[in-house]
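Asks: sharing a model prediction with you, sequence too.
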Number of protein chains: 2
Amino acid sequence: MSASRLLPLLSIAIRPLTITVEAVDETGETVRVPIPGEHPLTIYVDKREIVTLMTLGQSPEALVIGYLRNQRLVNSLDEIASVQVDWEVDAAAVWTRSGQLDSAEVEARLQKRTVTTGCGQGTVFGDLMAEIDQVRLPTEARLSEEALFAMLTGVRQYESVYKEAGAVHGCALIENTLPEPKILVYIEDVGRHNAVDAIAGRMWLEEISGDNTMFYTTGRLTSEMVIKAAQMGIPFLVSRSGITQMGWEVARQVGMTVIGRARGRHYQIFSGKERFVR
Amino acid sequence: MSASRLLPLLSIAIRPLTITVEAVDETGETVRVPIPGEHPLTIYVDKREIVTLMTLGQSPEALVIGYLRNQRLVNSLDEIASVQVDWEVDAAAVWTRSGQLDSAEVEARLQKRTVTTGCGQGTVFGDLMAEIDQVRLPTEARLSEEALFAMLTGVRQYESVYKEAGAVHGCALIENTLPEPKILVYIEDVGRHNAVDAIAGRMWLEEISGDNTMFYTTGRLTSEMVIKAAQMGIPFLVSRSGITQMGWEVARQVGMTVIGRARGRHYQIFSGKERFVR
């Protein structure tokens, strides 16, 4: 991290991650069940309302920054002066250093989102596909089976909300080092796309490049997950779940090593097997 | 169904639901793995581009109609003259009978979506919450444990893509009748919100009211799932998975009976237990 780096001013507005409610089970007994939080968070940039995200609230400032990054509403962290999350009003106030988002560009992007936001996908489809045509991931990177297994063991210890309350997805960014891959970030959220965005935010804040990392998700490998990992420059994408047709097609196009059904000592390499060392 | 009913002209453009790809597993063997289809489908209404959905393509015409319904872009099925899905160009061309969507209203809705589409939620948050304040579900409806168990047994037989390829969610609309609840619609899709929208489309096409039905989903009960079921007037919502805080709060507000963790003979009633008969 460079000494002269100008970081945005951030609130630290974490929410309680679970609440406990009463339910009646099949025996007729009232049981106390922990469930994950889910809260609306409306993002305002320079007072302009951008979007409402539904989030667990584990890392809202990173989520906001990563959302703006992945939607291409800001081009670098330097543009952001501050992110203040206030759960009293369920709002995140973002100020840019210029004091105004570039109007023409933002208008164009918001307009495009209007016509391309996919249901359950929640991002800019047309723009993403245009960008992805230019992405080529580093070919020299290698992932060993040993590192994969060590990583899978490691991430299990981080699934705190999932273990307690279920109903969330987890995503991790892991440094691809031996003998012990290092888990750099682990984020859980009610929407897996939020978890990815929050990690993108953390990568900017902590100046982490994707080159020597792998990305792990408990969620399915749909096109959008593969596209976002590619945009972050991450050559290895690992999931506990399966892959969809378009996730598979995009992975092959950008040259990403994608491993699905990764649990314990099982896995299936769907693309980029030449980077994997058994 | 009334004899004089004017139905829209629909294509029947189903996609192959799975493809088989090669993967390398932990033994180093190449295995053939079925994965679910995922395809972009761009909706045009009267030539105006509205949105791109990523879908399995099991029931695209119903998905398009249900999407327009749930986004409140059309107010009744009568307004739609035709829905023609063409997978050669990944497009659904919708024509309204008037030949033009009401411009001012649609502009307002699309504008609102611009600022409220949640990541991984993919719908109109502000509008939904305003509408939901007015929803009250029928209090006299009852669901018996017997019907719940019979329904859970029944839906398992429909999970065809999930059983073959995983990586999809299923949703069902079930008539709440004894001794044998009747599964009216079962839809699988890569996004569970698509599956819900497709069911909303089928309810319009087949004139099914929500009053005497229950809704089953394999996915989690987030706020949006509860909100959509409430908008469809369905008093019973059942999931194999858990519930989030806001899903729980909205269910209590609208008076919905929500049952989570429903597998085999297990379940947890999170709200509206007074409608459930053991």
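Replies: Sure, I can see it. Residues are numbered from 1 along each chain as shown, chains lettered A, B, ... in the order given.
Asks: any idea how far the helix or strand harbouring A:E188 is from the chain center?
Replies: A:E188 is part of strand A:182-189 when elements are defined by DSSP states H and E. Averaging C-alpha coordinates over strand A:182-189 and over its chain gives two centres that are 9 Å apart (C-alpha atoms, centre = their mean, to the nearest Å).
Asks: next one: stretch A:228-242
Replies: With C-alpha atoms, centre = their mean as the basis, the mean position of stretch A:228-242 lies at 10 Å from the chain mean.
Asks: distance of the closest residue to chain B within the stretch 151-278 of chain A relative to A:I227?
Replies: When C-beta to the nearest C-beta is the measure, the stretch 151-278 of chain A has its nearest residue to chain B at A:G191, with 2.8 Å between them. C-betas here are computed from N, CA, C, even on glycine. Between A:G191 and A:I227 the distance, using C-beta to C-beta, to the nearest Å, works out to 16 Å.
Asks: how about the residues of the stretch 151-278 of chain A near chain B?
Replies: The interface of the stretch 151-278 of chain A toward chain B, taken as C-beta under 8 Å from any C-beta of the partner chain, is made up of A:165-167, A:190-194, A:197, A:220-224, A:241-248, A:260, A:265-270, A:273, A:276, A:278.
Asks: show me those residues that map onto helices.
Replies: Among these, the members falling in helices (DSSP state H) are A:165, A:192-194, A:197, A:223-224, A:245-248.
Asks: so how far is chain B from A:A93?
Replies: 15 Å (C-beta to the nearest C-beta, to the nearest Å).
Asks: dihedrals phi and psi, that residue?
Replies: According to degrees, to the nearest 10, the main-chain angles of A:A93 amount to phi -100, psi 120.
Asks: just checking, it touches A:A81?
Replies: No: in terms of C-beta atoms under 8 Å, A:A93 does not count as a neighbour of A:A81; the distance is 10.7 Å.
Asks: more crowded one of those two?
Replies: Remark: of A:A93 and A:A81, A:A93 carries more neighbours, 18 against 15, as counted by other C-beta atoms under 10 Å in any protein chain shown.
Asks: show me the contacts for the more buried one.
Replies: By C-beta atoms under 8 Å, 6 or more residues apart in numbering or on different chains, the contact set of A:A93 is A:44, A:47, A:82-84, A:86.
Asks: so what's A:V85 up against?
Replies: Residues in contact with A:V85 (C-beta under 8 Å, 6+ apart) are A:11, A:13, A:41, A:60-61, A:64, A:91-92.
Asks: do that again at 7 Å, thanks
Replies: With contact taken as C-beta atoms under 7 Å, 6 or more residues apart in numbering or on different chains, A:V85 is in contact with A:11, A:13, A:60-61, A:92.
Asks: pull the number of nearby residues for the closest residue in space to it that isn't next to it in sequence.
Replies: When the adjacent residues along the chain are set aside, A:V85 lies closest to A:A13, with 3.8 Å between them (C-beta to C-beta, 6 or more residues apart in numbering or on different chains). Residue crowding around A:A13 was assessed by other C-beta under 10 Å; the count is 17.
Asks: re earlier: filter the residues of the stretch 151-278 of chain A next to chain B to the buried ones?
Replies: Under a neighbour-count criterion of 16 or more other C-beta atoms under 10 Å in any protein chain shown, the subset of those counted as buried comprises A:165-167, A:190-194, A:197, A:220-224, A:241-248, A:260, A:267-270, A:273, A:276.
Asks: can I see the domain layout of chain A?
Replies: When chain A is parsed into structural domains using automatic domain parsing, the resulting residue ranges are A:9-132, A:143-277.
Asks: looking at chain A, which helix or strand is least sure?
Replies: Lowest by mean pLDDT, DSSP states H and E among the helices and strands of chain A is helix A:103-116, with a mean of 58.
Asks: am I right that A:L152 sits in a helix?
Replies: Yes: for A:L152, which was evaluated using DSSP: H, G, I helix; E, B strand; the rest coil, the result is membership in a helix.
Asks: and the helices in chain A?
Replies: Listed in chain order (using DSSP H), the helices of chain A are A:60-70, A:103-116, A:125-132, A:145-156, A:160-165, A:192-205, A:223-231, A:245-254.
Asks: where does chain A have low pLDDT?
Replies: For chain A, the stretches with pLDDT under 70 are A:1-4, A:102-105, A:107-128.
Asks: centre-most residue in it?
Replies: Residue closest to the mean C-alpha point of chain A, counted by C-alpha atoms, centre = their mean, is A:V196 at 0.6 Å.
Asks: that one is in contact with A:C171, isn't it?
Replies: Yes: between A:V196 and A:C171 there is a contact under C-beta atoms under 7 Å: 5.6 Å.
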